[in-house]
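Chemist: Predicted coordinates and the sequence they were generated for:
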Amino acid sequence: MSEVNISPEEIKRLALEFEGKHPKEVLRWATENLWPRVEISTAFGPEGIVIIDVAMHLERKMKVFTIDTGFLFPETLELMKRVEGLYGIRIESLHPELTVEQQAGKYGPELYKREPDKCCAMRKTAPLKQKLPHLDGWVTGMRRAQSETRKKIHVLEPYDDGNGRMIVKVNPLAAWTKEEVWWYVVSHDLPYNPLHDKNYPSIGCWPCTQPVLEGEDERAGRWRGFEKKECGIHTFMSGI
């Protein structure tokens with residue numbers, strides 16, 4: 001198991017230095033300092049599409065992975081195929097230990113309606129915890145403006161991989177607005193999930209994602225009716 005040869009203090013200093021810089025500079029730094037154990041995670045929101053497009057135009061092409069919970073919208077799976085074809089890449093799909101059917105048999109049907117935290121922990125967080133020990137850098141599409149739970153994120157963050165080892169979490173679009181993201185998508189003629197045109201600004205699993213009403217924040221349609229605001233993949237570990 002390798003160790004990141006960058007101190008938490010240096011990561012925090014670099015985060016301030018990269019504030020306001022184009023994502024291309026942030027991603028280039030990641031490929032130069034964390035290669036080859038740095039990869040992009042995506043759920044195929046517009047932010048992820050932007051990051052993949054920027055990254056695929058760098059000298060070193062980072063690998064991309066997603067978490068296939070078994071509950072992804074058909075539109076999301078189709079978009080993944082389009083992205084693979086567009087860039088000539090293969091996106092790794094992480095899977096839960098149990099299939100949807102096996103989980104229903106063990107915990108009862110529609111666990112997401114009764115215990116959404118447990119469902120997310122098994123279907124999203126657990127696969128990621130298996131992946132991160134193999135990485136030194138984890139690139140995400142998180143933005144501060146997405147929700148209250150994300151407003152304090154940094155472009156670079158020291159992060160515990162869940163096993164007491166520090167990795168670097170890279171959020172190239174931390175300071176971007178929704179408008180900037182969509183300007184990039186449209187101006188570069190990039191593919192996107194058609195559900196976004198039906199008031200789904202944030203798309204996760206189909207049982208727990210609903211359209212957003214006017215005036216609500218971008219993630220208001222996730223787990224509607226619950227206090228839950230995050231699936232857990234960004235909150236099960238604490239920044240150092």
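Modeler: Sure thing, it's come through. Numbers count the residues shown, from 1 in each chain.

Chemist: Off-centre distance for the strand or helix carrying residue 127?
Modeler: In this structure, residue 127 is located in helix 126-131 according to DSSP states H and E. From the chain centre to the centre of helix 126-131 is a distance of 13 Å (Cα atoms, centre = their mean, to the nearest Å).

Chemist: Pull out the buried residues from that helix.
Modeler: 126-129, 131 (16 or more other Cβ atoms under 10 Å). All C-beta spots, glycine's among them, are computed from the backbone N, C-alpha and C.

Chemist: Between which two of those is the distance greatest?
Modeler: When the buried residues of helix 126-131 are compared pair by pair using Cβ to Cβ, the two farthest from each other are 126 and 131, 10.0 Å apart.

Chemist: rewinding a little: which elements pack onto the helix holding residue 127?
Modeler: With contacts defined as 3 or more Cβ pairs under 8 Å, 6 or more residues apart in numbering; DSSP states H and E, helix 126-131 has these neighbours: strand 63-67, strand 92-94.

Chemist: which residues are in contact with it?
Modeler: Taking Cβ atoms under 8 Å, 6 or more residues apart in numbering as the criterion, the residues outside helix 126-131 that touch it are 41, 65, 67, 94-97, 161-162, 233, 236.

Chemist: For those residues, which entry has the maximal number of neighbours?
Modeler: Each of these was scored by neighbour count (other Cβ atoms under 10 Å); the top score is that of residue 67, with 24 neighbours.

Chemist: Now it: closest residue in space that isn't a chain neighbour?
Modeler: Ranked by Cβ to Cβ, 6 or more residues apart in numbering and with sequence neighbours excluded, the top spatial neighbour of residue 67 is residue 94, at 4.8 Å.

Chemist: Just give me the longest helix of the chain.
Modeler: The longest helix of the chain (DSSP state H) is helix 74-87.

Chemist: That one: which residues count as buried?
Modeler: 75-76, 79-80, 83, 87.

Chemist: Then stretch 100-120?
Modeler: Those buried within stretch 100-120 under the rule 16+ other Cβ under 10 Å are 103, 111-112, 116-117, 119-120.

Chemist: cool, stretch 204-224 as well?
Modeler: 204-206, 208-209, 212, 217-223.

Chemist: how about those residues in a markdown table, adding distance to residue 48, pLDDT and secondary structure?
Modeler: As requested, these are exported to a markdown table (distance: Cβ to Cβ, whole Å; pLDDT from 0 to 100; DSSP: H, G, I helix; E, B strand; the rest coil):
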| residue | distance to residue 48 | pLDDT | secondary structure |
| --- | --- | --- | --- |
| 204 | 12 | 94 | coil |
| 205 | 16 | 95 | strand |
| 206 | 18 | 96 | helix |
| 208 | 18 | 93 | helix |
| 209 | 16 | 93 | strand |
| 212 | 18 | 91 | coil |
| 217 | 19 | 81 | coil |
| 218 | 14 | 80 | coil |
| 219 | 15 | 77 | coil |
| 220 | 20 | 83 | coil |
| 221 | 18 | 81 | coil |
| 222 | 16 | 83 | strand |
| 223 | 20 | 76 | coil |
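
Chemist: quick one: which two of these are the most distant?
Modeler: For those, and using Cβ to Cβ, no pair is farther apart than 206 and 217, which are 20.4 Å apart.

Chemist: Could you list the low-confidence segments of this structure?
Modeler: In the predicted model of the chain, residues 1-3, 227-240 satisfy pLDDT under 70.

Chemist: quick one, phi/psi of residue 6?
Modeler: Phi and psi for residue 6, reported as degrees, to the nearest 10, are phi -140, psi 130.

Chemist: Which helix or strand contains the residue in the chain sticking out farthest from the centre?
Modeler: Checked against the mean C-alpha position of the chain, the extreme residue using Cα atoms, centre = their mean is residue 105, at a distance of 29.0 Å. With the criterion set as DSSP H and E, the secondary-structure element containing residue 105 is helix 100-107.
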